[in-house]
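**Student:** Okay, predicted coordinates and the sequence, questions at the end:
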Amino acid sequence: MTSHYAATYAGWQHDPEAFWAQAAQGIDWFKPWDRVFAADEGIYGRWFSGAECNTCHNALDRHVANGRADQTAIIYDSPVTGQKRNISYREMLEEVEALAAVMLDNGVTKGDRVIIYMPMVPEAAVAMLACARIGAVHSVVFGGFAAHELATRIDDAKPVMIIAASCGIEPNRVVPYQDMLDKAISEASHKVPHCIILQRPQHGHEPVPGRDIDYRSAVDAARGRHVPCTPVKATDPLYILYTSGTTGEPKGVVRDNGGHMVALTWSMKNVYGIEPGQVFWAASDVGWVVGHSYIIYAPLLYGATSVLFEGKPVGTPDAGTFWRVIAEHNVAVMFTAPTAIRAIKKEDADGAHVRKYDLSRLRALFLAGERADPDTVHWAENLLKCPVIDHWWQTETGWAIAANPLGLGLLETRYGSPTVSMPGYEIHVLDDEGHPVERGQLGNILIKLPLPPGCLPTLWNADERFRKSYLNEFPGYYKTADAGYMDHDGYLYIMARTDDIINVAGHRLSTGAMEEVLASHPDVAECAVLGIADALRGQVPCGLIVLKANIDRDPHEVEKECIAMVRDAIGPVAAFRLAITVKRLPKTRSGKILRSTIQKIADGEPWKMPATIDDPAILDEISAILRERHIGLAFA
């Protein structure tokens, strides 16, 4: 098959505005744009300036009006509850209008923020689309986050409403969401007047009088009411999605309406090779950017069918659940994290479960969220008999920066590389002084401004933080905070992070936030958290703690307490299971902790004794401790 990638990318380079204006023909607009790109607006310019639109209209109403009313929009498959539902575009629209009516009745207006704290249930998608319908700005918080993390997001977004479920369901336990919600609301300074609660039968909860509204009874009472789509500016925010920041404070990534729709719609056909009416499955969670972009918005904007899966790659009930879903629902293209495939491989190395199902309709498996190691890619290719495609993007960009574009015709696969830049992204690799490095040499991966449609225009109420975090260090560029290199054919290789963000099973987590928790333990004098390579999760956090001099306790007891504190404050998603007591932390003479050197030791990589180290003997001590503790604990 001939690839049209080179011609498509060259067409974008020749005339970016014409390229994106053409792509925007795939969207309904209430009012056309005055300018495709307004360089004088926003921090680095804004896309589709002057246009008015509505994301919910494009995801639901236009499909219902244009012949897709009875097509399945969402396939809900929940092995943890035994439930399955096929929900048509018409049924989605009816439920969204009803919830939107309830929100309007309770004072939610255009521009207000609404936090959504729900598991992988259809009502989470309904809540997102209902917000979009009335012009409210939603902020989905992953249901696994602890009360404190939720409270920080409440205080930053200042929502007028929270839509939550009474619980989430894991393979071996029920997670009481509403208990955490109540704790978070109590902790937050900003007080939320109304909560809509989806009561699930697995965990009931007494409503708070005057605050809590029962989702099902309220929506059923409003069923049949028509709520028109509120026109919003293309540059108005659709949602805020919080991601870990290097200070430990969450960063609210803002996504606009117009550019977001254009980029996602373009990507469905050109990156993922999907046609309207086909089944697309992103095995992620609505709490992450993949869930926003490719469980909810992109498939529905494009008129495809999206699988919403409430389960795990293993344990619900076994390592064949992904293959069952693909076969049962005729999935054409799947998207998941390498961690999920590694978990399946660990449980079913010879692929016995794969052979139980007819996977002949699966055209491709896309991987993202962390580096896809060649062994995992080879394993999946050999068993699935279809292309396994690594691609790279970030919460901030909302869609692929680099990929092997199935819809444009696949390029040669180079294992370890997410392939080439997508239209809209001009990638440069520079040294720390801002000079280009030679092809094949490691450097800072940067994207030349302006960023394409769909990427963040700023952070929520934090323009200066946006500049400081992403733009100031390399003027004229967006700093990805990833390091890597580009080969002579333009293939990109992502090798490491350049800040304190680690990637645990596709979840970006701040080591700085974990250090704050450890440092708050009364017996801890100082600490350092670093990410250590893990065969299953990509990275896992390891905390080194130094106890105060006057502490006469068993260090292992302190370590257990520290682990519990991090899991309580950050949530189980942090996978924080390793705290190690050391006598001292290795530092430079200026006092900087040598985290990168410790990480190399822990990962078994070559390392050199830093010239600026204060006491070289400390690294030898830590090396011996890590070698002893590394074996058979979190990293087996």
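**Tutor:** Received the coordinates, thanks.
**Student:** Next secondary structure element downstream of the worst-scoring helix or strand of the chain on mean pLDDT?
**Tutor:** Least confident helix or strand of the chain, by mean pLDDT, DSSP states H and E, is strand 507-510 with a mean of 72. Going down the chain from strand 507-510, the next helix or strand is helix 511-519, by DSSP states H and E.
**Student:** ok so, going back, pull the distance from the least confident helix or strand of the chain to the chain's centre.
**Tutor:** 9 Å (Cα atoms, centre = their mean, to the nearest Å).
**Student:** elements contacting it?
**Tutor:** strand 501-504 (3 or more Cβ pairs under 8 Å, 6 or more residues apart in numbering; DSSP states H and E). For every residue, glycine as well, the C-beta is placed using N, CA and C.
**Student:** List the strands paired with the least confident helix or strand of the chain, with their directions.
**Tutor:** strand 501-504 (antiparallel) (DSSP bridges).
**Student:** Let me see the mean pLDDT of the strand it pairs with.
**Tutor:** Strand 501-504 shows an average pLDDT of 77 in the prediction.
**Student:** How about stretch 163-171?
**Tutor:** On average, stretch 163-171 scores 93.
**Student:** In stretch 314-330, which residues are buried?
**Tutor:** Buried residues in stretch 314-330, counted by 16 or more other Cβ atoms under 10 Å: 314-316, 319-327, 329.
**Student:** Now do that stretch: distance from first to last residue.
**Tutor:** 20 Å (Cα to Cα, to the nearest Å).
**Student:** Give me the contacts around it.
**Tutor:** 75, 77, 79-80, 171-172, 279, 281, 283, 307, 309, 311-313, 331, 334, 336, 340, 343-344, 346-348, 353-354, 356-359, 361-362 (Cβ atoms under 8 Å, 6 or more residues apart in numbering).
**Student:** And the buried ones among those, selectable in PyMOL?
**Tutor:** Entered in PyMOL, the line below selects the buried ones among those, by 16+ other Cβ under 10 Å:
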select buried, resi 75+77+79+80+279+281+283+307+309+311+312+313+331+334+336+340+343+344+348+353+354+357+359+362
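**Student:** quick revisit: identify the farthest-apart pair in the buried residues of stretch 314-330.
**Tutor:** 315 and 329 (20.1 Å; Cβ to Cβ).
**Student:** Give me the below-cutoff pLDDT ranges for the stretch 351-500 of the chain.
**Tutor:** 499-500 (pLDDT under 70).
**Student:** can you give me the helices for it?
**Tutor:** 374-384, 463-466 (DSSP state H, counting those that start in this stretch).
**Student:** ok now do the closest residue to residue 86 other than its chain neighbours, which residues does it touch?
**Tutor:** Nearest residue to residue 86, sequence neighbours excluded (Cβ to Cβ, 6 or more residues apart in numbering): residue 72, at 4.7 Å. By Cβ under 8 Å, 6+ apart, the residues touching residue 72 are 86, 87, 88, 89, 305.
**Student:** if I pick the third one, what's in contact with it?
**Tutor:** Neighbour list for residue 88: 69, 70, 71, 72, 73 [criterion: Cβ under 8 Å, 6+ apart].
**Student:** Looking at these, spot the one nearest residue 192.
**Tutor:** residue 73 (29.7 Å).
**Student:** next one: the helix or strand containing that closest one to chain centre, how far?
**Tutor:** For residue 73, the host element (DSSP H and E) is strand 72-78. On the basis of Cα atoms, centre = their mean, strand 72-78 is displaced by 21 Å from the centre of the chain it belongs to.
**Student:** farthest-separated two in the contacts of residue 72?
**Tutor:** The widest separation within these, taken as Cβ to Cβ, falls between 86 and 89 and amounts to 11.2 Å.
**Student:** contact partners of stretch 337-354?
**Tutor:** Contacts for stretch 337-354 (Cβ under 8 Å, 6+ apart): 283-284, 312-314, 318-320, 322-323, 365, 367-373, 376, 379-380, 382-384, 505-506, 535-538.
**Student:** could you list every residue that touches residue 30?
**Tutor:** Contacts of residue 30 (Cβ under 8 Å, 6+ apart): 52, 53, 54, 57, 231.
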